[in-house]
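Chemist: no sequence for this one, just the structure:
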């Protein structure tokens, strides 16, 4: 007992002595290269004359024609303060989009942004900033995370920046889904991630406290033209109004635009009646290159006569960002998955945050008793700590493999980590050891990580935004893993001259979604494309006549989809700051040639006129709202109180109260030890 009291006294004194060091302004993290990169809560310490929320409005306008979605995002920045500012904003996009256009509007002046190599664009922006010119810089931090910097926003200015996205929508099990992410959730930085990486610096972003409302206005409008009658049009994330032109055309808007819509993914699902869009070929023509897109509908799923035993290793995220709704949903999901395993299957459970807990040293049979043991282990978790997925992945792969069983590793997480590359590297270096599946849990998950785990691990990904979706997701997983749609996929070309095919090879097709190929062609559009494979142990074959497709310039949108697929393969689902040699050169050239965002190309727009003649300005980071249903435990590293006297007094008061309590307890009479009890509880 004396030892414990002594430790409490030392801890209290350290807290008291260390209080001034703890009380630092959040902005001090930005200039200290040795400080930990971490999100932090906004501290209101600016002068009242400085604009704190320069981003006033985001308008999203999407047009879906068939399988193509074209989106224009307009960000409106305004300086209602009295001092010039430089605004910085972090925002997400779908990991499947190609960003290939940007414009900046100031007053009557409209400037079309230019695509340049990343370092060149950065230098030009900094020079314009120092010269007092207004400028905007769009940089890619991840395929699904971007940063916008706007320099020299003068008092009274309104600056509008328009971004142009393109993406391909493909049905999964007959359902089309358009997703527009609205907020980048806080990311946990593992101590192993180098703080010097430029691709990590965006992580030190300010967030609003839980429950605080963002003053930003957020609107989303979608014009849907499917070509076939639309059924079951629904949005599970937002309340929507639907205006029908006819059975094949609809306009979707938010029912309550006055309510903030920018704290969760916008998810629009729909089905088509009659015959689904069939297998087909689209040809585009250009001045120097011709592109094609081949979409092949998968065959009906055949369940094999015998399903071999499997080994399932569940990796469950129990970190602070999973506290509450996400973890409750994850628990429901894993209970469903584990509770329906066959007796011939084996399984194990790993729980991870910044520590790791393992159910058993090796996978155990899926008996009722073992499943109940796993559920009891999971139920005791409430969520806390950082999110360090890499050790859990490495541990799962190091477990003794069950003899004669096919291994599947299932990661269940919101994906709020920064070290995606390390996860992908671990999976790639263990290709063949297991199939990897991922479940993203939450309203604004890191889809880049969730999709990347599945793509590099030759599996499938699932996103669960509501607890009610857990059972359906678990059932889809069981269907996929027991009876893949198509394996051993091969594509050959007879009489059709093609090159630069993307992707060059296919893995197993688990979900019922089309096989999609992009490429370039020359000569005459003639001949036949042959697709073969295996389904349920049976042979599959389909022929596509090239002559049935009519080349059009309108289909040149395919060039952006081809280029995006090529970049994705070259960067290999990794953080590409250290990509070297020919691959880096080719990615850069692709960005410059097709005027699109890549890890090495950025958009830059600069005014000719010097607008800030005095040259003084204040850097302002636009604070982000916490994603819906994500608690404050997700924000770590920046546990800053502020340099205001109230903050200092609070820390000193807390330390003093703790110290007085310890001293009081130490002065109390020590209770007598019961006879026969020799255990020292100190």
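Modeler: Received it, and whenever you're ready, just let me know what you need. These figures come from a predicted structure and were not determined experimentally.
Chemist: ok, the helix or strand containing residue 492: who's next to it in the sheet?
Modeler: Assigned by DSSP states H and E, residue 492 falls within strand 487-494. Sheet pairing of strand 487-494 (DSSP bridges) gives strand 528-535 (antiparallel).
Chemist: Would you tell me what the next helix or strand after the strand it pairs with is?
Modeler: Trace forward from strand 528-535 with DSSP H and E and the next one is strand 538-545.
Chemist: averaged over its residues, what pLDDT does stretch 288-303 have?
Modeler: Computed over stretch 288-303, the mean pLDDT rounds to 87.
Chemist: Tell me which residues of the strand holding residue 492 come out buried.
Modeler: 487, 489, 491, 493 (16 or more other C-beta atoms under 10 Å). In short, each C-beta sits where N, CA and C put it, glycine included.
Chemist: likewise stretch 78-94?
Modeler: So for stretch 78-94, counting by 16+ other C-beta under 10 Å, buried means 78-79, 81, 83-94.
Chemist: Can you pick out the most distant pair from the residues you listed?
Modeler: Pairwise distances across the buried residues of stretch 78-94 (C-beta to C-beta) peak at 36.0 Å, for the pair 83 and 94.
Chemist: distance of residue 356 from residue 385?
Modeler: Distance, residue 356 to residue 385, using C-beta to C-beta, to the nearest Å: 11 Å.
Chemist: tell me, how many neighbours does residue 601 end up with?
Modeler: The tally of other residues near residue 601 (other C-beta atoms under 10 Å) stands at 26.
Chemist: For it, list the residues it contacts.
Modeler: For residue 601, the contacting residues are 115-118, 121, 588, 591-592, by C-beta atoms under 8 Å, 6 or more residues apart in numbering.
Chemist: Sitting in helices, which of these do you find?
Modeler: 118, 121, 588, 591-592 (DSSP state H).
Chemist: For these, which single residue is the most surrounded?
Modeler: In terms of neighbours by other C-beta under 10 Å, the ones in helices among the contacts of residue 601 top out with residue 591 at 25 neighbours.
Chemist: Just confirm that one contacts residue 114, I think it does.
Modeler: No. Using C-beta atoms under 8 Å, residue 591 is not in contact with residue 114; the gap is 11.8 Å.
Chemist: picking that back up, of the ones in helices among the contacts of residue 601, just say which sits nearest to residue 465.
Modeler: residue 591 (32.3 Å).
Chemist: For stretch 392-399, which residues meet the burial criterion?
Modeler: Neighbour counts over stretch 392-399 (16+ other C-beta under 10 Å) mark 392-393, 395-397, 399 as buried.
Chemist: typo on my end, stretch 262-275
Modeler: Here stretch 262-275 shows 262-268, 270-272 as buried, counting by 16+ other C-beta under 10 Å.
Chemist: Residue 129 - that's part of a strand, no?
Modeler: No. Counting by DSSP: H, G, I helix; E, B strand; the rest coil, residue 129 is located in no strand; its state is helix.
Chemist: Wait, residue 303 touches residue 484, no?
Modeler: No. Using C-beta under 8 Å, residue 303 makes no contact with residue 484, being 10.2 Å away.
Chemist: So for these two, which sits in the more crowded spot?
Modeler: Shown here are residue 303 and residue 484; by other C-beta under 10 Å, residue 484 has more neighbours (21 against 10).
Chemist: quick one, what contacts the more buried one?
Modeler: 508-510, 535.
Chemist: Give the helix, strand or coil label for it.
Modeler: Assigned with three-state DSSP, residue 484 falls in the coil class.
Chemist: what's the spacing between it and residue 302?
Modeler: Residue 484 is 10 Å from residue 302, by C-beta to C-beta.
Chemist: Also residue 349?
Modeler: Going from residue 349 to residue 302 by C-beta to C-beta gives 32 Å.
Chemist: Where does the prediction get shaky in the stretch 151-300 of the chain?
Modeler: Across the stretch 151-300 of the chain, the ranges flagged by pLDDT under 70 are 191-199, 274-279.
Chemist: Would you list the phi and psi of the residue most central in space within the chain?
Modeler: In the chain, the residue lying closest to the centroid (C-alpha atoms, centre = their mean) is residue 446, at 2.3 Å. Per-residue torsions, residue 446: phi -80, psi 90 (degrees, to the nearest 10).
Chemist: check contacts around it.
Modeler: Residues in contact with residue 446, defined by C-beta under 8 Å, 6+ apart, are 144, 185, 187, 414-417, 420, 440.
Chemist: swap the cut-off to 6 Å and go again
Modeler: residue 415 (C-beta atoms under 6 Å, 6 or more residues apart in numbering).
Chemist: same question, the one 10 residues further on
Modeler: When contacts are counted by C-beta under 6 Å, 6+ apart, residue 456 is found next to 424, 427-428, 573.
Chemist: rewinding a little: next structured bit after the strand holding residue 492?
Modeler: Next element after strand 487-494 (DSSP H and E): strand 498-502.
Chemist: list the buried ones in that next one?
Modeler: For strand 498-502, the neighbour count (16+ other C-beta under 10 Å) marks 498, 501-502 as buried.
Chemist: for it, packing partners?
Modeler: strand 515-521, helix 558-571 (3 or more C-beta pairs under 6 Å, 6 or more residues apart in numbering; DSSP states H and E).
Chemist: Nearest to residue 545, out of these?
Modeler: Short answer: strand 515-521, nearest of the helices and strands packed on strand 498-502 by C-beta to C-beta, at 14.3 Å.
Chemist: residues in contact with that closest one?
Modeler: So strand 515-521 is contacted by 289-296, 498-502, 561-562, 565 (C-beta under 6 Å, 6+ apart).
Chemist: List the pairing partners of it within its sheet, with orientation.
Modeler: Using DSSP bridges, strand 515-521 pairs in its sheet with strand 290-296 (antiparallel), strand 498-502 (antiparallel).
Chemist: which residues of this structure fall in helices?
Modeler: Going by DSSP H, the chain shows helices at 2-22, 28-31, 118-131, 325-339, 368-379, 389-398, 420-429, 447-456, 470-482, 558-571, 581-593, 645-667.
Chemist: in the stretch 451-600 of the chain, which ranges drop under the pLDDT threshold?
Modeler: Looking at the stretch 451-600 of the chain by pLDDT under 70, you get 574-580.
Chemist: just to revisit the earlier point, mind putting the contacts of residue 456 into JSON lines with distance to residue 516 and neighbour count?
Modeler: Output for the contacts of residue 456, formatted as JSON lines (distance: C-beta to C-beta, whole Å; neighbours: other C-beta atoms under 10 Å):
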{"residue": "424", "distance to residue 516": "22", "neighbour count": "20"}
{"residue": "427", "distance to residue 516": "22", "neighbour count": "25"}
{"residue": "428", "distance to residue 516": "22", "neighbour count": "13"}
{"residue": "573", "distance to residue 516": "18", "neighbour count": "23"}
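Chemist: Now do the nearest residue to residue 327 once chain neighbours are set aside against residue 442, distance only.
Modeler: Among residues not flanking residue 327 along the chain, residue 383 sits closest, at 4.7 Å (C-beta to C-beta, 6 or more residues apart in numbering). The gap separating residue 383 from residue 442 is 12 Å, by C-beta to C-beta.
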